[in-house]
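**Student:** Here is my input, please return the structure:
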Amino acid sequence: MKNYSETEVLTRIRSGAYKLKYRRREGFVDDSLDSLCVVNEIRYLYGLLSTELQSQLLDMPWLDE
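**Tutor:** Take a look at the predicted model:
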């Protein structure tokens with residue numbers, strides 16, 4: 001499996017977070033299969049980050065939007 005840089009992982013997490021935000025705004029049900037897949041991908045990518053970067057990620061403003 002390819003090793004990804006933390007920048008690539010953060011970009012993918014941010015993309016997934018915005019996708020979920022858009023789906024919720026458009027009225028899609030949060031327990032749809034697509035939303036569940038995005039959430040599981042974000043969880044997996046979060047585990048790839050260092051502990052320091054994980055704590056910094058939780059403080060980012062775009063995560064709560």
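**Student:** Can you pull up the most central residue in the protein?
**Tutor:** Closest residue to the average C-alpha location of the chain: Ile13 at 3.2 Å, with Cα atoms, centre = their mean.
**Student:** who's in contact with it?
**Tutor:** Ile13 sits next to Ile42, Leu45, Tyr46, Leu57 when contact means Cβ atoms under 8 Å, 6 or more residues apart in numbering. (Glycine included, C-beta is placed from N, CA and C.)
**Student:** what do you get for Tyr22?
**Tutor:** So Tyr22 contacts nothing (Cβ under 8 Å, 6+ apart).
**Student:** and it, how far is that from Glu41?
**Tutor:** Tyr22 sits at a distance of 15 Å from Glu41 (criterion: Cβ to Cβ, to the nearest Å).
**Student:** about what we covered before: so which helix or strand takes in the residue nearest to the centre of the chain?
**Tutor:** Assigned by DSSP states H and E, Ile13 belongs to helix 6-25.
**Student:** Please pull out the lowest mean pLDDT helix or strand from this protein.
**Tutor:** Taking mean pLDDT, DSSP states H and E as the measure, helix 6-25 is the helix or strand of the chain with the lowest mean score, a mean of 86.
**Student:** Distance from the chain centre to it, please.
**Tutor:** With Cα atoms, centre = their mean, to the nearest Å as the basis, helix 6-25 stands 5 Å off its chain's centre.
**Student:** mind listing what's buried in that helix?
**Tutor:** Buried positions in helix 6-25, judged by neighbour count with 16 or more other Cβ atoms under 10 Å: Val9, Leu10, Arg12, Ile13, Gly16, Ala17, Leu20, Arg23.
**Student:** now, among those, which is nearest to Ser50?
**Tutor:** Distance to Ser50 across the buried residues of helix 6-25 (Cβ to Cβ) is lowest for Val9, with 10.2 Å.
**Student:** contacting residues around that closest one?
**Tutor:** Val9 sits next to Leu45, Leu48, Leu49 when contact means Cβ under 8 Å, 6+ apart.
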